[in-house]
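K.L.:
What follows is a predicted protein model with its sequence.
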Amino acid sequence: MIAQVLTDEQIARIHDASLRILERTGVVVPHEDMLVLQEEVISYVESALREIDFSDDALGLDVIDRASSRGTFIDTANTVEHFRKELWTPTLLDRQFYQAWKDGGADDVQQRCRRRKQEILDSHEVEPISAELDKAISEIVSAARRELAAK
């Protein structure tokens, strides 16, 4: 059985609440960096909206039944197989304890966004366009220039 966790209304409410939280806490991020943070938020929302597998295998009902005598099923192969799929791990939002965060340089989310943006810019390689697409774009630009010159 598959179930959707959040309704569209719930998603809109989470979105609005997130914006209010950012506004109230004084988070100000330049727009280019905000795109990186939005990618993180989208990743979380996609994780929250994913379909949940309620199959017997995913729930591990037989594993739980067999493990009941031992009192744990956390160390079973079934748990290992399914556990990581259920987690969302942020890349920018920090979930460390305060002292670990402080000892690690105490980077705030804006600094992490800027660093990630720079990593993306430094590593991105633009795929070349086809000759046909290049020709079509050139024709559009030429037509636009002619039209603008006529005005």
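P.N.:
Arrived safely, thanks for sending. In this text, all values refer to a predicted model and were calculated from it rather than measured experimentally.
K.L.:
Can you pull up the most central residue in the chain?
P.N.:
For the chain, the residue nearest the mean C-alpha position is residue 43 (1.8 Å; CA atoms, centre = their mean).
K.L.:
Report the secondary structure element holding residue 128.
P.N.:
For residue 128, there is no host helix or strand (DSSP states H and E).
K.L.:
number of nearby residues for it?
P.N.:
Here the count is done by other CB atoms under 10 Å, and residue 128 has 8 residues near it. C-betas here are computed from N, CA, C, even on glycine.
K.L.:
quick revisit: leaving out sequence neighbours, find the closest residue to the residue nearest to the centre of the chain.
P.N.:
residue 88 (7.2 Å; CB to CB, 6 or more residues apart in numbering).
K.L.:
what about the helices in this structure?
P.N.:
Assigned by DSSP state H, the chain shows helices spanning 8-24, 31-49, 56-59, 61-67, 77-83, 98-103, 109-123, 131-150.
K.L.:
quick one: contacts of the first one?
P.N.:
The reference is to helix 8-24. 6, 41, 45, 49 (CB atoms under 8 Å, 6 or more residues apart in numbering).
K.L.:
Which one of those is nearest to residue 141?
P.N.:
In terms of CB to CB, no member of the contacts of helix 8-24 lies closer to residue 141 than residue 41, at 35.5 Å.
K.L.:
Would you mind giving me the confidence score for the closest one?
P.N.:
As predicted, residue 41 sits at a pLDDT of 88.
K.L.:
Contacts only, for it.
P.N.:
residue 18.
K.L.:
Distance-wise, check it relative to residue 108.
P.N.:
Separation of residue 41 from residue 108 (CB to CB, to the nearest Å) stands at 16 Å.
K.L.:
Likewise for residue 17?
P.N.:
With distances taken as CB to CB, residue 17 is found 21 Å from residue 108.
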